[in-house]
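**Q** Below are the sequence and a predicted model; questions follow.
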Amino acid sequence: MLLRSLSLSHGYETLRLRRNRPAKNRLSKIIKSCAPRRDLQGQSVAIIGLGKSGRAAARLALARGASVLAIDENKNLGRLEQDPLFEEYSGLRTILGNPDVQLLKDVDLVVVSPGVPPENYGLSTLLESQIMSELDFAAEILPKDIKILAVTGTNGKSTVVTFAGQMLNHFGIEAFVGGNLGNPLSEAAFLCLSPSMKPRFQVAVVEVSSYQIEIPNNYFCPSVAAVLNLTPDHLERHKTMKNYAMTKCSLLSHMTDTKLGLICFGNQHLNEAIREHAENFNLAWIGAFPGVKINNETKIASLEVPTMGVVSQLQLDAMKVMGTHNYYNAAVAALCVLGLDLGLDANGMSSTIENLRAPPHRMQIVHRDANGVIWVDDSKATNVEATYTGLLGLKQQKSVILLGGLAKVVYWEETNGFEQLIDPLKYHRCVITFGSSGKMIQKTLSDNGLSIPCIGAKNMEDAVNCARRMAKFGDAIVLSPGCASFDEFRNFEHRGLVFQEMAFYS
């Protein structure tokens, strides 16, 4: 028997899970290469949470020979047995609603999707069961020669991951780009199952959310990892910034001294959390040396990590992506790519800049209407800090700013955080607030001396109609809500798409 302990951050406490792992369940030491994969034959795997990650993990488990118990509390989801993607597999059973916890105790392995909090489904009582994150379940069978570039942080993850993938493709290096960004890592692992199929990529560029690494990972071992920033977010789940920082920095817990780890400079919580890992890799900083610094006036990024032989400059003046904050996103992506040690010329990285394109809903220019107004979708700005960063990059573009939705809670502060937008908002035409937190945001801005008009609207449609009336020729109408979307929309993508539809019907 192999006895192993697992820590799960939960509120102000740490839940210790102990489990016995039968030797028959741990065949990964034998099959580290991309060999024929039926290594889970005869075993049962429970997949908890059937979003994109859970569905991909379920298919991967079935392809590896396991019988699968697919579980989700949402009774309105479709059963996997009825999905054409799963029709070739037997041994699949879907349970929607609240399952009998005993079912989980009887399986060999439990794979938890990132959207499932550790306290759900009685996970803390599974003392004899194996528990893995979807991320680790996928990484376990990735071939060793595939390098992993992992990016986490409160804001900017998707943009840095997207830029890194575009840079690699520019140099002819095939990359899988995904993780928390749309394509689960289990999809990449699925491509590696067949011995006759050479992997289609050399690098996996993975966006990692804090939820994906709450359960400690053993097989997800990045060659390069970056923690971009840390601001209050997801605290309904992590409870404290200390917990949040420790979870983020656990991304660097399985690196060696030949690997590159990038950390946001000057963040107290990250500084404390990184101490126990800092000797295991080459530590570099975002905003200091060794690491990356940017001169916004000259539009030049300096990349310096002497221990890895990286001393170079990156010309950013050709960048076509909106917002000066994207200078750092591009520079961090470039340093991460160089850190993969793929033989790329550091001085040639500047050639990638003009071809960079941001992912959807991140300062995305979606329309220029007949009145000369530019419509910008920044719906991914779901917290105040993301909106603040976006506004700093718009000082030269007079704009009508749309703020609102469902504001996120900061437990230990008496303010809601929107007062920090007062300074960057002064450069713009006006502010329009909307949604369930609209009145609160309007009051906060007014009480703190906002110097431009602040107009309240009932919902986003009313806000957009008001923005049309307020915008002048050459202005931008920018949806950068600073809030979650769930008061009116399914998610931030849905909110952004509705905004884009409204823009084209202006």
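**A** Yes, it's here.
**Q** can we go C-alpha only for contacts and neighbour counts from here?
**A** Will do.
**Q** any idea how far residue 320 is from residue 218?
**A** As judged by CA to CA, to the nearest Å, residue 218 and residue 320 stand 39 Å apart.
**Q** Poorly predicted segments of the stretch 101-250 of the chain, please.
**A** Low-confidence segments of the stretch 101-250 of the chain, defined by pLDDT under 70: 125-129, 195-199, 233-239.
**Q** Let's see that with 80 instead.
**A** 118-119, 121-130, 194-200, 232-239 (pLDDT under 80).
**Q** Using the three-state scheme, assign the residue nearest to residue 218 when sequence neighbours are not counted.
**A** Sequence neighbours aside, residue 136 is the residue nearest to residue 218 in space, at 6.7 Å (criterion: CA to CA, 6 or more residues apart in numbering). Judged by DSSP: H, G, I helix; E, B strand; the rest coil, the three-state class of residue 136 is helix.
**Q** repeat for the one 5 residues further on
**A** Using three-state DSSP, the secondary structure recorded for residue 141 is coil.
**Q** Correct me if wrong: it contacts residue 189.
**A** Yes - the criterion here is CA atoms under 8 Å, and residue 141 meets it with residue 189 at 6.4 Å.
**Q** gap between residue 264 and residue 228?
**A** Note on residue 264: its distance to residue 228, by CA to CA, is 5 Å.
**Q** Please name the residues that touch residue 463.
**A** Contact analysis of residue 463 by CA atoms under 8 Å, 6 or more residues apart in numbering lists 402, 432, 433, 434, 456, 457.
**Q** what's next to the strand or helix carrying the third one, contact-wise?
**A** The secondary structure element spanning residue 433 is strand 430-434 (assigned by DSSP states H and E). With contacts defined as CA under 8 Å, 6+ apart, strand 430-434 is touched by 399-405, 425, 439, 441-442, 452-460, 462-463, 466-467, 470.
**Q** Could you tell me which of those count as buried?
**A** Applying 16 or more other CA atoms under 10 Å to the contacts of strand 430-434, the neighbour count classes 399-405, 425, 439, 441-442, 452, 454-457, 459-460, 463, 466-467, 470 as buried.
**Q** Now go through these and say which are in helices.
**A** Among those, the members falling in helices (DSSP state H) are 425, 439, 441, 442, 460, 463, 466, 467, 470.
**Q** one step back: anything in contact with each of residue 264 and residue 228?
**A** With contacts taken as CA under 8 Å, 6+ apart, residue 264 and residue 228 have residue 286 as neighbours in common.
**Q** now the strands: where do they sit in the stretch 351-500 of the chain?
**A** Assigned strands in the stretch 351-500 of the chain, in chain order: 364-368, 374-377, 399-404, 430-434, 454-456, 476-479 (criterion: DSSP state E, counting those that start in this stretch).
**Q** same for the last one, what does it pack against?
**A** Secondary-structure packing of strand 476-479 (3 or more CA pairs under 8 Å, 6 or more residues apart in numbering; DSSP states H and E): strand 374-377, strand 399-404.
**Q** Neighbouring strands - and their directions - for that strand?
**A** When pairing is defined by DSSP bridges, strand 476-479 lines up against strand 374-377 (parallel), strand 399-404 (parallel).
**Q** from the chain's centre, how far out does the last one sit?
**A** Yep, that's strand 399-404 we're talking about. Centroid separation for strand 399-404 versus its chain: 24 Å, with CA atoms, centre = their mean, to the nearest Å.
**Q** contacting residues around it?
**A** Strand 399-404 has contacts (CA under 8 Å, 6+ apart) with 428-438, 441, 463-464, 467, 470-471, 475-483.
**Q** Using PDB, write down the CA coordinates of that strand.
**A** Provided in PDB are the C-alpha atoms of strand 399-404 (Å, rounded to 0.1, in the frame of the first residue of the first chain):
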ATOM      1  CA  SER A 399     -14.300  56.900 -24.000                       C
ATOM      2  CA  VAL A 400     -17.700  56.300 -22.500                       C
ATOM      3  CA  ILE A 401     -17.100  53.600 -19.900                       C
ATOM      4  CA  LEU A 402     -19.800  51.000 -19.000                       C
ATOM      5  CA  LEU A 403     -19.500  49.700 -15.400                       C
ATOM      6  CA  GLY A 404     -21.800  47.200 -13.800                       C
END
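**Q** gap between residue 55 and residue 491?
**A** Here the criterion is CA to CA. By it, residue 55 lies 19 Å from residue 491.
**Q** Of those two, give the one with the bigger neighbour count.
**A** Each of residue 55 and residue 491 has its neighbours counted (other CA atoms under 10 Å); residue 55 has more, 22 against 15.
**Q** Make sure I have this right: the more buried one is in a helix.
**A** Yes - with three-state DSSP as the criterion, residue 55 is part of a helix.
**Q** Just the local confidence number for it, please.
**A** pLDDT recorded at residue 55 is 97.
**Q** Start at 58, not 1
**A** In the new numbering, first residue 58, that becomes residue 112.
**Q** what about the stretch 408-557 of the chain, any weak spots by pLDDT?
**A** Those would be 466-472, if you go by pLDDT under 80 across the stretch 408-557 of the chain.
**Q** how about a cut-off of 90?
**A** 415, 449-450, 452-453, 465-474 (pLDDT under 90).
**Q** Now stretch 386-402: buried residues?
**A** Buried residues in stretch 386-402, counted by 16+ other CA under 10 Å: 386, 387, 388, 389, 390, 391, 392, 393, 394, 395, 396, 397.
**Q** ok, now stretch 268-287?
**A** For stretch 268-287, a neighbour-count test (16+ other CA under 10 Å) marks 268-274, 276-287 as buried.
**Q** shouldn't residue 380 be in contact with residue 420?
**A** Yes - the criterion here is CA under 8 Å, and residue 380 meets it with residue 420 at 7.2 Å.
**Q** Who has more neighbours out of those two?
**A** residue 420 (26 against 20).
**Q** and the nearest residue to the more buried one once chain neighbours are set aside, how far is that from residue 488?
**A** Spatial nearest neighbour of residue 420, chain neighbours left out: residue 435 (4.5 Å); criterion: CA to CA, 6+ apart. From residue 435 across to residue 488, the span is 15 Å (CA to CA).
**Q** any idea how far residue 538 is from residue 482?
**A** Distance from residue 482 to residue 538, counting by CA to CA: 13 Å.
**Q** Also residue 397?
**A** 35 Å.
**Q** same thing with residue 363?
**A** Taken as CA to CA, the span from residue 363 to residue 538 is 40 Å.
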